[in-house]
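> Sequence plus predicted model, see below.
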Amino acid sequence: MYGMVNKALEGMVVDQFGEEAWERIKAEAGADIDVFISNQGYPDAITYNLVAAASTVLNRPATELLEAFGVHWVVKTAREGYGELMEANGRTLREFLLNLPNFHARVSLIFPHLQPPRFVCTDVTDQSLRLHYYSHRAGLTPLVQGLLRGLGQMFSTPIHIEQEAERAAGAEHDIFRVSWERAAAA
Ligand code: HEM
């Protein structure tokens with residue numbers, strides 16, 4: 001994955017647990033890398049090892065950390081570094097989710113070697129839809145949950161996520177039933 005993912009993970013850990021925790025996590029993961037370069041590719045194993053090491057060092061389930069990382073990704077990384085891209089993808093949570101299937105195609109213009117996830121929306125109503133998530137990577141379902149929660153925060157829109165099918169439990173792909181309330185007045 002591009003280095004920006006590992007950098008963002010570092011940002012989340014440093015924000016929430018401090019600089020020293022990140023140094024311990026890198027040591028535990030055997031990641032002998034001082035600084036991750038955003039637009040350079042790194043083996044996925046580095047990212048997975050960092051998450052596993054964070055779980056050991058911080059004594060928290062990896063699923064919880066991945067979810068927190070998803071929130072951080074939207075609320076901090078994406079908004080601070082790619083604000084225009086995020087804003088162009090929709091003015092409401094509903095619009096953003098409907099455009100999500102095309103989102104990484106635009107990200108690929110910046111990161112040409114991106115191996116993005118695939119999203120499909122079905123059963124769309126005014127206040128809900130089914131989000132289908134496909135990936136050639138395993139174990140990132142909690143990340144998607146966190147990303148969705150982050151989007152709810154970004155649009156000040158209370159969001160409800162129910163997982164209807166789970167790849168880790170044998171389903172062909174993950175399916176989330178996502179519903180939301182009306183956005184809070186700005
Ligand atoms: C400006 C915002 C965003 C940028 C720049 C971005 C970029 C990236 C990058 C660089 C990766 C790693 C893949 C690789 O390096 O090959 C990635 C993966 C991923 N992105 Fe995004 N992304 C953004 C927003 C989002 C949003 C809003 C969602 C969903 C709600 C999302 C869902 C994911 C998921 C689930 C993965 C994990 C890869 C997988 O499942 O195979 N991203 N993205």
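Arrived safely, thanks for sending. Everything quoted here is computed from the prediction, not taken from an experiment.
> From Val35, how far out is the most centrally placed residue in the chain?
For the chain, Gly70 is the residue whose C-alpha lies nearest the centre (CA atoms, centre = their mean; 3.5 Å). Using CB to CB, to the nearest Å, Gly70 is found at 23 Å from Val35. To be clear about C-beta, it is placed using only N, CA and C from the backbone, and glycine gets the same treatment.
> repeat for Met4
Going from Met4 to Val35 by CB to CB gives 12 Å.
> between those two, which one's more packed in?
Shown here are Met4 and Val35; by other CB atoms under 10 Å, Met4 has more neighbours (20 against 8).
> which one is that one nearest to, not counting chain neighbours?
Ranked by CB to CB, 6 or more residues apart in numbering and with sequence neighbours excluded, the top spatial neighbour of Met4 is Ser38, at 4.1 Å.
> So for the one you found, what pLDDT did the model give?
What the model reports as pLDDT for Ser38 is 96.
> residues touching Glu162, list them.
Going by CB atoms under 8 Å, 6 or more residues apart in numbering, Glu162 touches 176-179.
> rerun that using 10 Å as the cut-off
By CB atoms under 10 Å, 6 or more residues apart in numbering, the residues touching Glu162 are 128, 130, 175-179.
> so after the host helix or strand of it, what's the next helix or strand?
Per DSSP states H and E: Glu162 is located in strand 159-165. Note on strand 159-165: by DSSP H and E, the next helix or strand toward the C-terminus is strand 174-180.
> That next one vs the ligand: in contact?
No - using CB under 6 Å from any ligand atom, strand 174-180 never reaches the ligand; the gap is at least 9.6 Å.
> Check which helices and strands that strand is in contact with.
helix 93-110, strand 118-122, strand 128-134, helix 141-154, strand 159-165 (3 or more CB pairs under 10 Å, 6 or more residues apart in numbering; DSSP states H and E).
> among these, which is nearest the ligand?
Ranking the helices and strands packed on strand 174-180 by proximity to the ligand (CB to the nearest ligand atom) places helix 141-154 first, at 3.6 Å.
> Between strand 128-134 and that closest one, find me the angle.
With axes from the mean of the first three to the mean of the last three CA atoms, to 10 degrees as the basis, helix 141-154 and strand 128-134 are set at 140 degrees to each other.
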